[in-house]
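K.L.:
give the three-dimensional model of this entry:
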Amino acid sequence: MIALSLAEIAEVVGGQTHDIPDPSVQVTGPVVRDSREAGPGSLFVAFVGERVDGHDFAAAVVEAGAVAVLASRPVGVPAIVVEDVQAALGALARHVVGRLGTTLVALTGSAGKTSTKDLIAQVLGSRAPTVFTPGSLNNEIGLPLTALTATEETKFLVLEMGARGIGHIRYLTGLTPPKVGLVLNVGSAHIGEFGGREQIAQAKGELVEALPPAEEGGAAILNADDPLVRAMASRTKAKVILFGESDEADVSAENVRLTDSGQPSFRLHTPSGASDVTMRLYGEHHVSNALAAAAVAHELGMSADEIARALSEAGSLSRWRMEVTERPDGVTVVNDAYNANPESMRAALRALAAMAGGRRTWAVLGKMAELGDEALAEHDAVGRLAVRLNVSKLVAVGGREAAWLQLGAYNEGSWGEESVHVSDAQAAVDLLRSELRPGDVVLVKASRSVGLESVAQALLETGAEGEVAAR
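P.N.:
Got it, this is the predicted structure:
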């Protein structure tokens, strides 16, 4: 964060200083909410959670070097006390972003946000210092904490914005007003909470509504292939740039193919030229993500050759998203267990099929959460798709939703041992330990709450005698 005195911070957040002998002392380190991350010059933000009260760690963080605590009550050590810690954190982020000359890029969408954010960060980072959202910290706490890591040297600030209802993105853009806004897609993620795709589109479109007009440099990057996203052009005064396969797209790809290992290769077309890309990531769905990143980079002045080079060098920065690891015995484990929705499930299954190359494939799948009334149909459809893609064996893990996955596979023609329903992650590990053969490819994917990353981790742990050991 840029250096600010405690007096300045108190004024910005509307707080009162307590137990601060010298208000001119500056915060020069990071703003953190995890007491373990507190260090010299930092500011600790004390949230009250369901299980832990951050105020209880006030003395410890100051002892570790924190300058003060942003708190909702006096804590006996230097503190700035406010009525609402979250609102104060947001106000501080808004103030810091306003003082910087950073170009702020925000993105949202139902699927692919984090992977695309990572691509944008790496492409822009090849040009100039870039700060970006770590992982999926895209809510009202994670977003301002990320913004506060920017400094005077930061040229680009790339922020992922999530939403679980109308007004959420409007709130986030109020904290960190973007110049460039990207909307990837409108899908089924969280549809149970929103009530329908139209409501999701309403929420996601709040991003483009927050952009400055074109004459002030505002740019809306929209997916030309998604009608609900394409329609958002009418909701913004910013310049509109389209990406995708549509003839209307300003940024597009041709000659798309997958390498033998399942990595996308294509010729990138931008208004400033064309160049060839071969990605390190896995799955054809990353072509759309790459086009979105390319559209952002083009708008911010990068040439087609620069963009293509950066896309070809970019890797995965966030864990458990299509992490591909080959064991010593030749078994390939694809850990995509961070989260799941119908769109990302289909993309992962297609990537698995592309990676097969004649090898046996396993899809270890679990529940897709927050689908509401569409849950049965969507799980059934994923099970059917696994069969149509000739996945060798579907292992459905968990309760009711897993049963629906297997039912879909069964109804599509998967009988006998081609699909199986197991109760939990350990049962899946036990099955795989007994049946995997060298050369097999295993995809592991479910919503975050299922915790199927433990299956992938267990498969990658090799015992002293070379057998897979479960955690």
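K.L.:
alpha carbons only for contacts and neighbour counts from here, please
P.N.:
Will do.
K.L.:
nearest residue to Ala3 in space, ignoring adjacent ones along the chain?
P.N.:
Thr28 (4.8 Å; C-alpha to C-alpha, 6 or more residues apart in numbering).
K.L.:
neighbours around that neighbour, how many?
P.N.:
Other residues near Thr28 number 17, with proximity taken as other C-alpha atoms under 10 Å.
K.L.:
which ones are touching the closest residue in space to Thr236 that isn't next to it in sequence?
P.N.:
Closest residue to Thr236 in three dimensions, ignoring its sequence neighbours and counting by C-alpha to C-alpha, 6+ apart: Glu209, at 5.0 Å. Remark: with contacts taken as C-alpha atoms under 8 Å, 6 or more residues apart in numbering, Glu209 is in contact with Arg235, Thr236, Lys237.
K.L.:
can you pull the contacts of the residue nearest to Ala3?
P.N.:
Contact criterion C-alpha under 8 Å, 6+ apart gives Met1, Ile2, Ala3, Leu4, Gly41, Ser42 as the residues in contact with Thr28.
K.L.:
what helix or strand is Asn255 on?
P.N.:
Counting by DSSP states H and E, the element that carries Asn255 is strand 252-258.
K.L.:
name the residues of the helix or strand following that strand that come out as buried.
P.N.:
Elements were assigned by DSSP H and E; along the chain past strand 252-258, the next helix or strand is strand 264-270. Of the residues in strand 264-270, those with enough neighbours to count as buried (16 or more other C-alpha atoms under 10 Å) are Pro264, Ser265, Phe266, Arg267, Leu268, His269, Thr270.
K.L.:
looks like the last one contacts Glu254 (just checking).
P.N.:
Looking back up the chat, that one is Thr270. No - between Thr270 and Glu254 there is no contact under C-alpha atoms under 8 Å: 11.4 Å.
K.L.:
what domains does the record give for this structure?
P.N.:
Using automatic domain parsing, the domain parsing of the chain gives 4-83, 100-313, 323-460.
K.L.:
compile the ones you listed into TSV and extend it with columns for distance to Gly90 and mean pLDDT.
P.N.:
Formatted as TSV, those follow (distance: least, C-alpha to C-alpha, whole Å; pLDDT from 0 to 100):
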stretch	distance to Gly90	mean pLDDT
domain 4-83	9	97
domain 100-313	6	95
domain 323-460	27	94
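K.L.:
tell me which stretches of the stretch 201-350 of the chain form strands.
P.N.:
Here the stretch 201-350 of the chain has its strands, by DSSP state E, counting those that start in this stretch, at 219-223, 239-243, 252-258, 264-270, 273-278, 323-326, 332-335.
K.L.:
mind putting these into JSON lines with distance to Ser316?
P.N.:
Supplementary listing: those in JSON lines, determined by distance: least, C-alpha to C-alpha, whole Å:
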{"stretch": "strand 219-223", "distance to Ser316": "22"}
{"stretch": "strand 239-243", "distance to Ser316": "22"}
{"stretch": "strand 252-258", "distance to Ser316": "18"}
{"stretch": "strand 264-270", "distance to Ser316": "14"}
{"stretch": "strand 273-278", "distance to Ser316": "14"}
{"stretch": "strand 323-326", "distance to Ser316": "8"}
{"stretch": "strand 332-335", "distance to Ser316": "12"}
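K.L.:
find the residue at the geometric middle of the protein.
P.N.:
Here the mean C-alpha position of the chain is nearest to the C-alpha of Thr114 (C-alpha atoms, centre = their mean), at a distance of 2.3 Å.
K.L.:
relative to Leu92, which of the domains of the chain is closest?
P.N.:
Closest to Leu92 of the domains of the chain, according to C-alpha to C-alpha: domain 4-83, at 6.2 Å.
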